[in-house]
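Asks: sequence first, then the predicted structure:
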Amino acid sequence: MTLSEKKLQIVAENKGIKAVDIVSQLSSQHKTAADKSQVNSILYGELKGKVWQDKRYCWHTKTAEGQKQAENKPKRQETLLTALSDYYLECTLKDIDSGVSEYASNQYGSPKYRVAQSEINIAIGNKEPSRYMSEILEQVNGGPKKYGNIVNIKDLKDNLRMNCIPDEFENMGTSSYPAFLSQRRILMAQKIKIYFEML
């Protein structure tokens with residue numbers, strides 16, 4: 001029995017099971033070692049058309065009854081906020097204790113992985129934040145314009161805050177990326193919470 005078949009069997013035997021519990025059952029019942037990132041990789045990959053996930057993040061096998069429930073679900077209004085929320089939740093699900101195991105696919109439209117115009121992305125290239133942010137700080141303090149049209153520190157800070165970029169981002173290097181994602185998730189969650197409290 002392949003790892004995928006074992007996972008499908010575990011999902012089929014349970015009426016909703018979380019990825020972490022699938023890992024546990026693989027170990028105890030099938031004597032198979034696997035971590036959460038491997039389980040998620042197969043659930044989102046090979047088994048994508050055979051399983052589905054509910055709002056409690058529990059996995060189920062796709063059945064006629066489950067399909068019927070999904071079809072009868074009321075349609076929600078698609079907005080930038082729902083897209084951002086969906087993307088945030090997908091990223092969170094793919095995060096494991098030791099760091100990021102997998103990037104969420106950008107299937108929700110507007111949210112992008114890097115909030116910057118394409119010409120700015122090209123200018124940034126593969127530079128670390130500590131390098132290009134020092135050049136942006138020069139730019140907002142009267143230096144040469146290299147990245148976009150932000151030319152004062154207030155607009156820069158407003159822009160970073162609006163895009164949920166953590167403080168001290170300008171000092172981060174490649175090794176700080178997991179910490180950056182963790183801090184940014186908190187800021188995104190706070191922004192979403194504030195928006196919903198205003199409704």
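Replies: Received, thanks.

Asks: is residue 12 in a helix, a strand, or coil?
Replies: helix (DSSP: H, G, I helix; E, B strand; the rest coil).

Asks: not counting sequence-adjacent ones, nearest residue to it?
Replies: Nearest residue to residue 12, sequence neighbours excluded (CB to CB, 6 or more residues apart in numbering): residue 61, at 4.7 Å. Backbone N, C-alpha and C define where each C-beta goes, glycine included.

Asks: now residue 151
Replies: Per CB to CB, 6+ apart, closest to residue 151 is residue 140, 5.9 Å.

Asks: give me every residue that touches the one you found.
Replies: Residue 140 makes contact with 150-153, 155-156 under the criterion CB atoms under 8 Å, 6 or more residues apart in numbering.

Asks: dump those to JSON lines, plus neighbour count.
Replies: Formatted as JSON lines, the contacts of residue 140 follow (neighbours: other CB atoms under 10 Å):
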{"residue": "150", "neighbour count": "18"}
{"residue": "151", "neighbour count": "13"}
{"residue": "152", "neighbour count": "12"}
{"residue": "153", "neighbour count": "12"}
{"residue": "155", "neighbour count": "12"}
{"residue": "156", "neighbour count": "20"}
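
Asks: which one of those is nearest residue 3?
Replies: Among the contacts of residue 140, residue 156 lies closest to residue 3 (CB to CB), at 48.0 Å.

Asks: where does that closest one land in three-state SS?
Replies: Per three-state DSSP, residue 156 ends up helix.

Asks: for it, give its distance to residue 147.
Replies: Distance, residue 156 to residue 147, by CB to CB, to the nearest Å: 10 Å.

Asks: any idea which of the contacts of residue 140 is closest to residue 7?
Replies: Distance ranking of the contacts of residue 140 against residue 7, using CB to CB, places residue 156 first at 46.8 Å.

Asks: who touches both of residue 156 and residue 147?
Replies: Taking CB under 8 Å, 6+ apart as the contact rule, the neighbours common to residue 156 and residue 147 are residue 136.

Asks: any idea which element the residue lying farthest from the centre of the chain lies in?
Replies: For the chain, the largest distance from the centre (CA atoms, centre = their mean) belongs to residue 142, which lies 36.0 Å off. Using DSSP states H and E, residue 142 sits within no helix or strand.

Asks: from residue 158, how far out is the residue nearest to residue 136 when sequence neighbours are not counted?
Replies: Once flanking residues are discounted, residue 136 sits nearest to residue 147: 5.4 Å by CB to CB, 6+ apart. Applying CB to CB, the value for residue 147 to residue 158 is 16 Å.

Asks: run a quick neighbour tally on residue 143.
Replies: 12 (other CB atoms under 10 Å).

Asks: pLDDT of the biggest helix by length in the chain, averaged?
Replies: Identified as the longest helix of the chain according to DSSP state H is helix 177-198. Mean pLDDT, helix 177-198: 85.
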